[in-house]
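>>> could you work out the structure for the sequence below:
(one chain, ligands or ions: 3)
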Amino acid sequence: MTLANLYPAHVSELQQRAQNVLARENLDALVIHSGKELKVFLDDMSYPFKVNPHFKHWLPLVEATNSWLIINGSDKPKLVYYQPVDFWHKVIALPDSYWNAFFDITVITKATDIEQVLPYDKKGYAYLGEHIEVAQALGFDSINPEPVLSYLHYHRAYKTAYEQECMRKSNAIAVKGHIAAKQAFLAGETEFAIQQAYLKATEHTDNQTPYGNIVALNENSAILHYTALERTAPAAHKSFLIDAGANFHGYASDITRTYAFEQNKFADLIKRMDQLMLNAVAGLKPGASYVDLHIATYLDIGRVLQEFGFLTVDADTAYEAGIISTFFPHGLGHHLGLQTHDVGGFMADERGTHVNTPEQHPFLRTSRVVETNQVFTIEPGLYFIDSLLADLKASAHADMVNWQSVDEMRPYGGIRIEDNIIVHQSHNENMTRDAKLD
Ligand code: GLY
Ligand code: MN
Ligand code: MN
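Numbers count the residues shown, from 1 in each chain. Ligands and ions are numbered 1, 2, ... in the order given. Presented below is the predicted three-dimensional model:
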């Protein structure tokens with residue numbers, strides 16, 4: 001089905017959610033502010049604009065500043081679109097698209113004209129957005145009310161068929177970039193040149209990617225949030241880790257691959273981690289606990305460490321001793337959608353009741369029960385991180401590790417493999433593999 005076919009049901013679902021929360025909170029309307037450009041200190045330039053996710057949930061206007069949605073859950077939603085008369089900047093005309101007919105559209109040419117569109121008495125109107133000072137100046141009392149946000153964030157985990165299609169497209173775009181990046185790595189390019197190859201293939205600028213790409217050669221792959229881009233090539237290309245996504249209509253993909261330059265032990269380790277990763281994906285099903293899946297993966301990584309000779313003890317002993325987190329220090333994954341780390345991951349219900357992750361797993365980004373129509377990343381990793389290894393070496397468990405085997409792997413950095421999955425009632429849909437990324 002095309003986006004145009006899927007869109008009406010998406011809007012109806014959002015209307016229904018709005019109606020429910022407005023009735024529950026005794027409100028008349030949600031007033032969603034797209035946001036405004038943030039100026040650099042003492043400068044006349046702005047930071048890259050990032051639209052309010054509540055705004056882009058309704059329609060794919062990711063560059064619309066000073067624009068508004070007024071939603072009462074039963075009337076046609078009102079879009080107040082800002083289109084200034086400006087000879088300095090490109091003025092983005094309202095696109096003619098499948099979503100136009102679903103909005104009652106008003107164009108304003110001055111940002112302050114929103115004042116004339118909103119009622120004078122804003123009792124019952126809740127402002128949803130980033131700019132508290134704008135809301136206060138306009139006279140809103142109700143600004144980002146917590147129960148409203150909790151309700152909307154809880155339900156945002158359930159992706160409509162339209163959203164799922166956007167995320168398939170976002171995966172397909174990112175996969176083009178990953179294929180180009182792999183080729184650039186095998187051609188011996190620098191991190192900087194690989195990044196350029198990725199951006200070119202995805203037709204994204206740096207600011208359009210959903211997060212700063214991680215493009216890491218050799219030992220840089222062990223730096224979890226490595227965003228430097230070396231302009232010079234290393235003496236030898238050994239390994240390559242790329243964590244890079246794409247944006248389609250405001251929906252993110254978030255994909256990681258790791259490659260070896262030669263067929264060696266590290267290449268075998270990647271193959272084994274790929275197997276482990278797909279096994280973790282198979283564990284996603286409605287009713288499953290993501291926390292349990294994370295813990296099971298922990299134990300699995302212990303088995304890989306044992307198989308490859310990195311341990312002097314068995315996987316269970318290593319697990320009991322808590323040393324797996326030296327090699328796998330982050331969570332198995334997270335909800336994905338309008339935001340890369342999508343909201344709602346810790347909520348037990350639509351009131352936002354928080355579910356803590358287990359104390360030993362503080363970096364896990366979701367504790368929620370897995371359900372149909374939720375979208376997740378699954379991204380196990382196995383790294384050789386100097387600082388964490390130094391801590392382990394200085395600990396009482398140092399003799400559980402075969403240090404010679406570990407030291408051999410340090411120049412390769414580490415491995416992460418990350419796919420994006422829709423959980424359906426009867427099966428999982430791996431959008432990343434379906435888009436033909438091995
Ligand atoms: N790229 C961010 C993440 O994988 O969570
Ligand atoms: Mn990622
Ligand atoms: Mn991720």
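
>>> and stretch 418-425, what's buried?
Within stretch 418-425, the residues scored as buried using 16 or more other C-beta atoms under 10 Å are 418-423. C-betas here are computed from N, CA, C, even on glycine.

>>> now, which of those residues sits nearest ligand 2?
Within those, proximity to ligand 2 (C-beta to the ion) peaks at residue 418, which comes in at 4.9 Å.

>>> quick check: pLDDT value at the closest one.
On pLDDT, residue 418 comes in at 98.

>>> how much space between residue 87 and residue 37?
Distance, residue 87 to residue 37, by C-beta to C-beta, to the nearest Å: 17 Å.

>>> now do residue 258
According to C-beta to C-beta, residue 258 and residue 37 sit 37 Å apart.

>>> cool, and residue 330?
Counting by C-beta to C-beta, the separation of residue 330 from residue 37 is 33 Å.

>>> quick check on the two: which one has the bigger neighbour count.
Comparing residue 330 with residue 37 by other C-beta atoms under 10 Å, the one with more neighbours is residue 330, at 18 against 13.

>>> what's that one in contact with, if anything?
Residue 330 makes contact with 224, 363, 379, 381, according to C-beta atoms under 8 Å, 6 or more residues apart in numbering.

>>> for it, grab phi and psi.
phi -130, psi 180 (degrees, to the nearest 10).

>>> what count of nearby residues applies to residue 349?
The burial count for residue 349: 11, using other C-beta under 10 Å.

>>> element containing the closest residue to it other than its chain neighbours, please.
Using C-beta to C-beta, 6 or more residues apart in numbering and skipping residues adjacent in sequence, the residue nearest residue 349 is residue 154, 6.8 Å away. Here residue 154, judged by DSSP states H and E, is contained in helix 146-156.

>>> quick one: average confidence on that helix?
98.

>>> right, is the very next helix or strand once past that helix up against ligand 1?
Per DSSP H and E, the first helix or strand lying C-terminal to helix 146-156 is helix 161-186. No. For helix 161-186, no contact with ligand 1 is found by C-beta under 6 Å from any ligand atom; the gap never falls below 11.0 Å.

>>> and the angle for helix 161-186 with helix 146-156?
Computed by axes from the mean of the first three to the mean of the last three C-alpha atoms, to 10 degrees, the angle separating helix 161-186 from helix 146-156 equals 70 degrees.

>>> how close does the residue nearest to residue 349 sit to residue 317?
According to C-beta to C-beta, residue 154 stands 40 Å off from residue 317.

>>> those two: which is more packed in?
More crowded of residue 154 and residue 317, by other C-beta under 10 Å: residue 154, with 20 against 15.

>>> OK, contacts around the more buried one?
Taking C-beta under 8 Å, 6+ apart, we find residue 154 in contact with 344, 347, 349-352.

>>> buried ones only from the residues you listed, please, as a ChimeraX command.
In ChimeraX, this line selects whichever of these come out buried by 16+ other C-beta under 10 Å:
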select :344,347,350,352
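
>>> identify the farthest-apart pair in the contacts of residue 154.
Using C-beta to C-beta, the pair of the contacts of residue 154 lying farthest apart is 344 and 351, separated by 12.1 Å.

>>> quick one, helices of the protein?
Counting by DSSP state H, the segments of the chain that form helices are 3-24, 53-56, 114-117, 132-138, 146-156, 161-186, 191-202, 265-282, 290-307, 315-321, 324-327, 386-393, 403-409, 431-434.

>>> next, the buried residues of the last one.
Read that as helix 431-434. 431-433.

>>> closest one to residue 189 out of those residues, please.
Nearest to residue 189 among the buried residues of helix 431-434, with distances taken as C-beta to C-beta, is residue 432, at 23.1 Å.

>>> ok, residue 59 to ligand 2 distance?
Distance from residue 59 to ligand 2, counting by C-beta to the ion, to the nearest Å: 26 Å.

>>> just checking, that residue touches residue 68?
No. With contact defined as C-beta atoms under 8 Å, residue 59 does not count as touching residue 68 (11.9 Å).

>>> more crowded one of these two?
Remark: of residue 59 and residue 68, residue 59 carries more neighbours, 26 against 23, as counted by other C-beta under 10 Å.
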